[in-house]
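Trainee: pasting the sequence and the predicted model now:
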Amino acid sequence: MLFLGIGAILCFQVPSDSASAQGSEPTSTPNAAGAYITVTYIEPINVRAGPSSYDYPVIGSLPVGGTAPALARSPAGEWIQISYPDSPNGIGWVYAANVSLSASGLLPVVEPPPTATPAVTPTINPTYAAALQAVPTLTRKPTFTAPPPLKLPTYVASEAGSTPRLQTGWIIVGLAVVGFLGMAVSSLRRR
């Protein structure tokens, strides 16, 4: 418990000079522990009100090569809390992958600040909700009806006294003979 109390006192020190309280730019002056961050990303980075890109708004930015005193880190170590005089409480958060830290093992772990409550809570219009509710209909369930019996076709033998017809097989044989003769004549002409 003693370590938590000392860590809380060191993390939340009020700036003593009036210039830093009036919103001057972060400088390379290290804090009491001597840790500071330097922006190593190729573009200016955002300073946020808390350790998340989704839950906290952007409160400012730091230029490439800019420095600021490092105060603490998030529980997962992905965000670093810095002294940022332009924010309302003098504290900001930067993403750790975008900066280099002078003393990585010396920063205390702090819990993130609470997220802002949205001004308007989205609700569903009860009239629209009632219109979209499915109302079951009272109908009978379908029943099984047996199909009609299957009728198999029956073939009748041809009558003996009918006129004789040319069989399909004879037509095929005749065409094959004509084709063979045509092939023989064409191969003899080539020679």
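Mentor: Received, thanks. Residues are numbered from 1 along each chain as shown.
Trainee: any idea how far Ala97 is from the residue nearest to Pro57 when sequence neighbours are not counted?
Mentor: Leaving out its chain neighbours, the residue that sits closest to Pro57 by Cβ to Cβ, 6 or more residues apart in numbering is Ala49, at 5.6 Å. No exception for glycine: its C-beta is placed from N, CA and C like everyone else's. Applying Cβ to Cβ, to the nearest Å, the value for Ala49 to Ala97 is 19 Å.
Trainee: if we can go back for a sec, contacts only, for the residue nearest to Pro57.
Mentor: Contact partners of Ala49, counting by Cβ atoms under 8 Å, 6 or more residues apart in numbering, are 56-57, 59, 87, 92-93, 113.
Trainee: quick one: mean pLDDT for stretch 40-50?
Mentor: Across stretch 40-50, the average pLDDT comes to 92.
Trainee: now that stretch: buried residues?
Mentor: Residues of stretch 40-50 classed as buried: 45-50 (neighbour count, 16 or more other Cβ atoms under 10 Å).
Trainee: contact partners for Gly92?
Mentor: The neighbourhood of Gly92, defined by Cβ under 8 Å, 6+ apart, consists of 47-49, 59-60, 68, 81-84, 86.
Trainee: try Ala72
Mentor: Ala72 makes contact with 11, 80-81, 107-110, according to Cβ under 8 Å, 6+ apart.
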